[in-house]
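1. What would the 3D arrangement of this be:
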Amino acid sequence: MIRHSDLIKMATYTFATSLLKFDGTNVTLNANGLVFMLYSRYFGTVPVEVTGDSPQPQPTAPFGAEQPAVNAGSDTFPLDVCAAWTQDRNALVVAVLNPTDLEQALKLHIVGAKLSGQGVVRRLASEGADASEPVITESPLTAVPETVHTPPFSISLYEFHVNR
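-> Numbering: from 1, shown residues only. Next up is the predicted model:
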């Protein structure tokens with residue numbers, strides 16, 4: 001949806017209760033709910049082009065009818081990366097999704113933005129080896145890293161503040 005924001009203006013999850021985890025009378029967000037919360041609170045609103053040198057492979061056995069003309073993923077396989085400025089353009093947010101069961105590394109090369117290096121990384125990942133019970137953590141950034149390392153089955157939002 002983010003890559004097609006020129007066409008898609010609004011999207012919702014159909015059943016809001018499917019974003020919740022029930023435990024007796026305690027109700028919290030489940031993993032899907034945490035994803036929606038992470039992006040809605042912290043991802044930017046002004047899309048930025050992302051390029052890479054590792055394109056998504058074509059499916060070898062696509063299900064359904066025809067193979068789409070445009071591949072849905074970014075050119076950063078096996079990671080999926082997208083970026084956006086915050087509405088006030090005070091920060092650039094780079095979202096890195098690692099859908100694999102291995103830690104992945106990504107070299108960042110940000111062009112055309114004067115970033116202070118100060119910021120924060122917000123990460124949704126499991127603290128256990130079985131990838132259950134994911135949590136959102138925050139860590140400060142003191143420089144724009146040359147390479148980022150993403151844990152298995154995780155989403156990392158790197159928020160870099162603008163140098164003014």
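2. Thought residue 124 was touching residue 134, still the case?
-> Yes: judged on C-beta atoms under 8 Å, residue 134 makes contact with residue 124 at a distance of 5.4 Å. To be clear about C-beta, it is placed using only N, CA and C from the backbone, and glycine gets the same treatment.
3. Give me the common contacts of the two.
-> Taking C-beta atoms under 8 Å, 6 or more residues apart in numbering as the criterion, residue 134 and residue 124 both touch 31, 34, 154.
4. any idea how far the last one lies from residue 45?
-> Per C-beta to C-beta, to the nearest Å, residue 154 is found 23 Å from residue 45.
5. And the two? Which one has more around it.
-> Each of residue 154 and residue 45 has its neighbours counted (other C-beta atoms under 10 Å); residue 154 has more, 19 against 11.
6. before we move on, could you check phi and psi at the more buried one?
-> Per-residue torsions, residue 154: phi -140, psi 160 (degrees, to the nearest 10).
7. Spatially nearest residue to it, not counting backbone neighbours?
-> Spatially, and ignoring its direct neighbours in sequence, residue 154 is nearest to residue 125 (3.7 Å; C-beta to C-beta, 6 or more residues apart in numbering).
8. Who are the contact partners of the one residue sitting closest to the centre of the chain?
-> By C-alpha atoms, centre = their mean, the mean C-alpha position of the chain lies nearest to residue 95, the distance being 3.4 Å. Shown in contact with residue 95 (C-beta under 8 Å, 6+ apart): 39, 43, 81-83, 155-158.
9. Next one, pLDDT for it please.
-> pLDDT for residue 95: 96.
10. again with residue 19
-> Predicted confidence (pLDDT) for residue 19: 79.
11. Next, give phi and psi for it.
-> Torsion angles, degrees, to the nearest 10, at residue 19: phi -100, psi 0.
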